[in-house]
Structures are given as structure tokens and as C-alpha cells.
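Visitor: any chance you can model this:
(3 chains)
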Amino acid sequence: MNNFLSLRDLDREQVVELVRFARELKANPIGDRLAKKVIGLLFMNPSLRTLASFQSAIGQQGGTSVVIQPGAGSWSLEFSDGAVMDGEAVEHVREAIPVLASYCDALGIRSFADQKNLDVDLADERMKKLAGLTEKPVINMESASDHPCQALADWMTLDELGIPKDGKFVLSWAWHPKPLPYAVPRAALTMAAQRGMDITILCPKNYNLPDKMITEAKQLGAASIEHQHNQVTGLADAHILYCKSWCALQHYGKPIEEMENRAHLRDWCVQESWFKNAKKDAKFMHCLPVRRNVKVADEILDGPRSVVIQQAENRLHVQKSVLISLLGGGN
Amino acid sequence: MNNFLSLRDLDREQVVELVRFARELKANPIGDRLAKKVIGLLFMNPSLRTLASFQSAIGQQGGTSVVIQPGAGSWSLEFSDGAVMDGEAVEHVREAIPVLASYCDALGIRSFADQKNLDVDLADERMKKLAGLTEKPVINMESASDHPCQALADWMTLDELGIPKDGKFVLSWAWHPKPLPYAVPRAALTMAAQRGMDITILCPKNYNLPDKMITEAKQLGAASIEHQHNQVTGLADAHILYCKSWCALQHYGKPIEEMENRAHLRDWCVQESWFKNAKKDAKFMHCLPVRRNVKVADEILDGPRSVVIQQAENRLHVQKSVLISLLGGGN
Amino acid sequence: MNNFLSLRDLDREQVVELVRFARELKANPIGDRLAKKVIGLLFMNPSLRTLASFQSAIGQQGGTSVVIQPGAGSWSLEFSDGAVMDGEAVEHVREAIPVLASYCDALGIRSFADQKNLDVDLADERMKKLAGLTEKPVINMESASDHPCQALADWMTLDELGIPKDGKFVLSWAWHPKPLPYAVPRAALTMAAQRGMDITILCPKNYNLPDKMITEAKQLGAASIEHQHNQVTGLADAHILYCKSWCALQHYGKPIEEMENRAHLRDWCVQESWFKNAKKDAKFMHCLPVRRNVKVADEILDGPRSVVIQQAENRLHVQKSVLISLLGGGN
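Guide: Numbering: from 1, shown residues only, chains lettered A, B, ... in the order given. Model prediction:
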């Protein structure tokens, strides 16, 4: 493993081993496996969990983290090849990435989707390009269409909860005041598929996920995958409701159209009544941050179904597992 | 001691012991008492001293600090229970605090007063609520109506200066271009009262502090407490002038009225002539930052009365004392 | 060496020794020479390289860095003596610097030119004043008219490249969408002069550098120094083209006039054709960040002449050398 850009770059056994090692580290969090290592964390977009969990993971193992936020204390960056840089951007990533890499043993990069061109975003072209600018290990801290650190933490959480490998995993759409990209839905689908789960995508009728993502999930090992549009039916016998919002395919890159399109869908806010036919102790998952009483009701987040804090905590352990594995700190 | 939210949560002996330990650490600043500990520092408001002194204290004892600034690189936070989060705030503190706590051994939190409701601010409801969201130790890095780290550094400074336990402590109002809350005045009163001092509050006639704070100071052990409105009289025989600005009670939450109210009070800028009848070597204290030639004249800050740098340096030592005490690093 | 404010404060042997030690540290980057040391990094202006390379250097040697950004998470600072601070600035540097210094073993300070008064900027009055506010070692992380960390990294890079001590060093102007100060040109001239090089300043006719800088370079040991205005002639037999933009002397502090003045100079963008008569393997240097296809064509930055990443990496090593030398970590 040279980079950690997507679970799809790994085979199932590699993922299982990363999770196993993360659980070992959760039991024994402190050590010197990253002693004197320097990890650069480059955030093109805001963060709470990712920033704090990486810094904590690095510190608990004796390393140093360096945080760079272009446009907020650091120079604005240009991404386009051949650009004539006479505008706002002061530095090109073709310099910024190799320079940062020269100070660091590994780089984490967060760069959300532009939401202009679906194919470019689904190909995750920017993250691949950025990672290609250095030979140092690069970790995807959320890209245009992936979030593998979250996916790994989710896998670990499912294992801890004793959810069967082929349990029923429902990825549910929810209303949100902004159109969001496919990063978390795709990472969650990838994870559930590689784990071999029975996958249902629960969403309003015109919010089906791109065919590419469905085909991909089948190839990765999903026991089954289908769309459902009724909450109670879709959640029948479900072990997990994984909540996320995304933009409808036909309005990708057209935020005004998209918001009009979803104006009548504010009742897509997860609540207890949806779980009528689910497994009795079905769990609610979300990658956070989550808008309370918009995507999910307080009754769920404050009740026994919610495992969102456990998911978030596991970010710490899986990222430590990834970092040590990439940097050869042994296990 | 599970949290460090206010000196009022401690008895006098506990405060004396924290100061004693801080002085020991000032003599021997370097060690491993926080080795591999991770301290989260959550700033809802700006900081120079608090940020730098905590990070230095943690680093000198082998720990790691993680800084989170909602709205500046991190998600904007919602505080209200039951909120329908379809506006600016992206994450609720009911998730943010437990998640951050799961990565850290202790949390420092700064959250200034809203200055909307005096009773809510004086009860320090927000800080108590935030601290209640985790079982990890929480340190108040300045709240709606308290600033115990500053109070502890001030106590230590008074001891170093040899000010008698029952010396005369004058808390003086000063003009400021913005209405400020009661956090520092209350922390200073609490400290001086617990130390057993003779307290004078020196202020324009309609700037008397809330009765609740006066009663509280008496109960905490102030040798005496009174308001005075003439600078020379108020400072007669004083050992200390502690300078701070605050909003008049009757205009709390009404900034335009308050600024009109104080328009004629710009001469409340501390200067040497005020000290005519004070102790010969009476000292000037201020928690910083301070607006020069607005709250206090250069002649004071640049002269022998000022101990503001010593107060600020002691933040380093007392916070180290608090952190080690909370985290069981022994002394 | 008590501070590191300018190469001009050192004699040639001291500079040579700092570079020698930096090369030793490049070969052996990890150690405990800054163990438990705390370095404050005060940025009045944005940074990528300086921030990341200092933090990495400190972490690789066991120290802690504390980053303060006034106006972005920390209080806005006032610089003027005697100011009546009733405006935006909340804290004066006369408090901020001594307080920060009390938490740290050394301070790095970045404070760019105001570009209002040329004499003030060329005298580097602000940086000297800031450094004078503490007895702790201060490192200039780029000031009104100097950038000694960059100069030291450039010297090291020239040595690594095997450029003769008296090789031909061409400092070339380039078009830029904003008027920039003399910090890097002066640091580069100082370095090349102290190294004993043959210096050409290549620029449009009204962009000659101030006489003070030319006289200074002669006194520092430049083998020769002259202005040239034709790119091919100016670069004849050159070993190095060092690219930088600066404001014309006669428009210093008048940005609108300056931009009109340079409107016809957009062809001052370094390209391969300029090197027609240069040494065959002449190198391109730039301190970064650089605006691609504005100051220099992609063909140069992506081709074999460019050593900009090597220059940037050497910031890490020279700053480590400076820090350890200042703090007595031995070598």
C-alpha cells in the first residue's frame, strides 16, 4: 500500500487487516510507532473530526502534524494545468504539493467536489492528480467522490456492533439545505459492498444513484443492491440505516434547479416511525457533521439507535492504522 | 477535581495548592507529566495568550494539543437544544463535544457571553452545558461570566508580589469602544474574595456590578467589599488597581444604548494621577489584551506599576498545574 | 548570534557554518536537539513553506511550535507607539511580543512591508522594533526588506549545485499583478554578494533597484554588480536566473501608478528563449509561491532548469540549523 486514496485500491483482505490493526490500536492507543514522523494535513475545505482525529492519532504515536489551509493563513492554490495565474490563486499545486511533501513523511489531502462535471468528480481526477505530484504516501481525507477514512471507520463500527457480513445495509437519502456530492454515499457503498452486505438505497424517486456506482458495488461483492422509495418498506429487516444527502443526478452542478426539485422533500428527515419493520435494534449511522431535525430527528440522535459518536471515535483508530501501515511502523 | 470551570467550584485550599504547584512548575518547567496526552482546545472566540500558553504548557510536558476554531477552518456550531438546523450552523455541540472528547484526554473550551440575557450569562449556562456533554475533564478558557485560568494566574502574581492576603484590591472600570461582559470582573472578584482581600469596585455611578456578584464575593471570604466612584478616593491605600471594562447592568444586551451612556466617560483611562493616595508601589494589573491610551495610558503600562506581562506569563504555569492535576500526572 | 534577522548581521564565516550545519542536518534530519523547546511562529501575513518547514524542523528535533495569526483566530495587533487604540486593533505589539516570548524559547516573526515609506521599509524598522521587544532569540520569517531564511536556503542550494563562488547570478524582474516589496530581491542580493558572485540585475529600464541596495552589495563582497535591460544579453554566461518581481522605485507606495507603469511589461515572463547565451545548464531559481505563466512559463518550471523545489526543501534544513544554533543545541 503506497497511498490510501480509496478502499477500492485495496483487496478485501487488506481492508480486513487495517480494521483488525485499528482494533488492536484502540485497545493500546499510545506508542512510538510514528516517533519523529511529520504528517502534513492539507485542507482545501473545513474539518472538525478529520483534523482532530489525525492530529490526535499522530500525537499519541509520537509524531508531529503540520496543518495547511489554503486561503486561510496560507496561499490560495491553482489546480488547472496551463493556467495563466494572474487572478486570485497565488501558488500552483504543482509546486505546493511537492514542497509540502519535502517537509513531511506523508500527506493527508482534503479536496471536495467542484460539482461542475459529474464524470470528472466520479473519476476523482483531482485527488489522483494531487497524489501523483509526490512519491510520499498520500491519504485521501475526503475527495470529490470518496472518503475512505470514514468508510474504514464505518467497517470497524459494524464489526464492533456484531452486524453480520451479509446484514442489510440501507443507505438513505435525507433533505439538506445544500446540494451535496457523492463522496460519502460512494465510500459507504464501497465499504458495504466489499463487506458483502445486502444493500438498499432508500431515496425519493428521482434521487437514484449513478449506474456506475451500482455496477461498481456489485463488482466489489455486494450480496445484493437495489433502490427503494418507501421508508418503511425499504427499511424492512434492516440492520443499519446510513443517512446521507446527495444531489439528484439530473441536476448535478445546477444548485438552483436542485433546490427547487427537493423543495417538497423536507419530510425526508429520519425519524423513529421509519424503523417500524426494521430489525428491533437497527442502528442509525451518519458520518457527521449532521444537521439536527433537518436530516434526522433528535429522537434518533439522542436515542439508542445512534452510533454516530462511535463511528467518529473510530476515525482515530483507523487513521492511526493507515498511517502506521503506510509508514512502516510495523504492527 | 473533575473539571476546572470556576474557582468557586474549589475550596480555598485547593486553589492554594494549584498555585503552589504552579510556582513549583515555574521553577522546573520541563517534564513528561503530560507525555502522549492529547488536549483539545476549542475556541469559539479569538485568543493569543490562552492559545499560546496552553500549547506551550502541553508541549513542555510532552503532550499534543489540537486546536479547533468553529467557523474558521472548522464547521460552525449550533448550541440550542431542539434547533431545526437549516441555517448557517452545520454541526451541533451535542455531537461536536463528545466527538472531540473521544480524541482527547481533556478539553479546553472558550465561549464568550452572548450578552443577550444577563441571568443566563451570570449562571454560565452554556459552559456548564458544554462541560456536561463529556465525562472527560473540561477547562474553562473564558466563558460568559468566568475566566478561572486568568484568576489563578492573578492569585499567583499577587503571591509573587508579596501582596498581603487582606491587601486592598481595587477593580476599576475603564472606557472601551465596545460593551464587554462580566467574565473577567467576576473571575477577579472571585479570586480576590477567596484570597480574603479588601475589595473596592471603582466605577462611574451607573456601572455598579450586579448584586449577585457582590453577595457572592462576601460569601467567598472578601474582608470587605464596596463601590467607589472617585478614582483618587477609591484608590486610597490600594495595593492593586485591576483594570477592566464592563457593560452597565441596565444596558446589558443593548449595545447602542450602552455606548451612548458611556460617551462622556472617556476620561476613565487609568493614569498616574489616579494613584495619588495609593500605596507607594501599588501595582497595575490587566488580563490583556488591553487597548493602550483608551483603557490605560502608556505611562502606566511602560512604567514600574505594570505587572501585566508577569500575569500573562503565569497563565503558562497555572494552566500546566491545572492540566497535570486533572490528568493525574502527579506532583 | 542572538537573533537571525538578516545575513548582513553575520560575517561570511558564520553564514558558511550555518550552511555546513544545514547540510549535515539534511543527511541526518532526526534528533532531540530541540527537545521540549517551544518555538512561537507569529504570522502577520500568509505562509505555506515557512509555516510548514518550521513546524517540520521543530518536530523532527523534538520541539513544539505555537502558531499565532493576528486577525485570524488571534487579536489584531497595533504597531505604532503612542497609538490611541480605539479602532480595530485590540492588542499592541508591546504586550503581544513579550507575552508570546514568555511562553517560548524563540520567536519567528513574519511582517511584510507596509509599502508606504521606502526609507522605513529599507531600514527594516518594524522587524528591528519587534525583535527589540524581547530578549529571546527572534528569527526573521520575512520582513519589509529581508528574508534571510530564504537567502540561506538559496546559498545552500547554490553550493549543492556546484555553482562557483564567483559564478554569474542574474536577479531578474518579472511582471506580477501586484506591486511587491524589496524583501526577496534584497535578501537574494545580500546572499549573492556575501558569496562573492558576479551579479546582474535584469529588469525593464525604470525598474533599477535602489542605490542603497547596490552599494550594500558591493560592500558585502559582490565580485561585480550591474543593471541590464535586455534578457538575452543580461543572461549571457549566467549560471543562475533568480526570478522576482518588485515595485519601481518612483512608484513605491502608489499601486495604481505602478500597475499602469508596468501594463506593457507582461512579456517579462521568464521563458526558455531568454537563456540563449546563458551557461548550457543554467538554473532557474524562485523563492515561491510563483504565478505560473505570469512570472515564468510552464516550460521552465517543469523543465530541467528549475531548482525551485530543492530551494524550498532546503528551507527545512537551514531553519533547523538556525534554530539549533540560536538555542545552543550544539552541533
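
Visitor: which parts of the stretch 51-200 of chain A are helices?
Guide: With DSSP state H, counting those that start in this stretch applied, the stretch 51-200 of chain A shows helices at A:93-103, A:118-122, A:125-131, A:148-161, A:183-195, listed in chain order.

Visitor: tell me the most buried of the ones you listed?
Guide: Ranked by mean neighbour count, those are led by helix A:183-195 with a mean of 25 (mean count of other CB atoms under 10 Å in any protein chain shown). Using the backbone N, CA and C atoms, a C-beta is placed for each residue, glycine as well.

Visitor: name the residues that touch that one?
Guide: The contact list for helix A:183-195 (CB atoms under 8 Å, 6 or more residues apart in numbering or on different chains) reads A:6-8, A:12, A:15, A:112-113, A:122, A:142-148, A:150-152, A:154-155, A:158, A:165, A:169, A:171, A:199, A:201, A:209, A:213, A:216-218, A:220-222, A:225, A:242, A:244, A:246, A:287.

Visitor: in strands only, show me the residues you listed.
Guide: Among the contacts of helix A:183-195, the members falling in strands (DSSP state E) are A:169, A:171, A:199, A:201, A:225, A:242, A:244.

Visitor: domains for chain A, by residue range?
Guide: For chain A, automatic domain parsing gives the domain ranges A:7-147+A:313-326, A:150-311.

Visitor: quick one: end-to-end distance for the last one.
Guide: Domain A:150-311 has an end-to-end distance of 8 Å (criterion: CA to CA, to the nearest Å).

Visitor: that domain: how far from the chain's middle?
Guide: On the basis of CA atoms, centre = their mean, to the nearest Å, domain A:150-311 sits 13 Å off its chain's mean C-alpha point.

Visitor: ok, back up a step: for residue C:27, find the nearest of the helices of the stretch 51-200 of chain A.
Guide: Among those, helix A:93-103 comes nearest to residue C:27, with 15.0 Å by CB to CB.

Visitor: can you show me the CA trace of the closest one as CSV?
Guide: Provided in CSV are the C-alpha atoms of helix A:93-103 (Å, rounded to 0.1, in the frame of the first residue of the first chain):
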residue,chain,number,x,y,z
VAL,A,93,-0.4,22.7,-6.7
ARG,A,94,2.5,21.6,-8.9
GLU,A,95,4.7,23.5,-6.5
ALA,A,96,2.6,23.3,-3.3
ILE,A,97,2.3,19.5,-3.1
PRO,A,98,6.0,18.6,-3.8
VAL,A,99,7.2,21.3,-1.4
LEU,A,100,4.9,20.2,1.4
ALA,A,101,5.9,16.6,0.7
SER,A,102,9.5,17.5,1.0
TYR,A,103,8.9,18.5,4.7
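
Visitor: other SSEs contacting that helix?
Guide: strand A:38-43, strand A:64-68, strand A:77-78, strand A:106-110, helix A:125-131, helix C:49-60, helix C:308-327 (3 or more CB pairs under 8 Å, 6 or more residues apart in numbering or on different chains; DSSP states H and E).

Visitor: could those be laid out in CSV, adding mean pLDDT?
Guide: Formatted as CSV, these follow (pLDDT from 0 to 100):
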stretch, mean pLDDT
strand A:38-43, 98
strand A:64-68, 97
strand A:77-78, 96
strand A:106-110, 98
helix A:125-131, 98
helix C:49-60, 98
helix C:308-327, 98
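
Visitor: closest to residue A:296 out of these?
Guide: Of all the helices and strands packed on helix A:93-103, strand A:106-110 sits nearest to residue A:296, with 23.9 Å by CB to CB.

Visitor: dump the domains of chain A to JSON lines, plus distance to residue B:41.
Guide: JSON lines is the format used below for the domains of chain A (distance: least, CB to CB, whole Å):
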{"stretch": "domain A:7-147+A:313-326", "distance to residue B:41": "10"}
{"stretch": "domain A:150-311", "distance to residue B:41": "19"}
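
Visitor: all good on my end, thank you.
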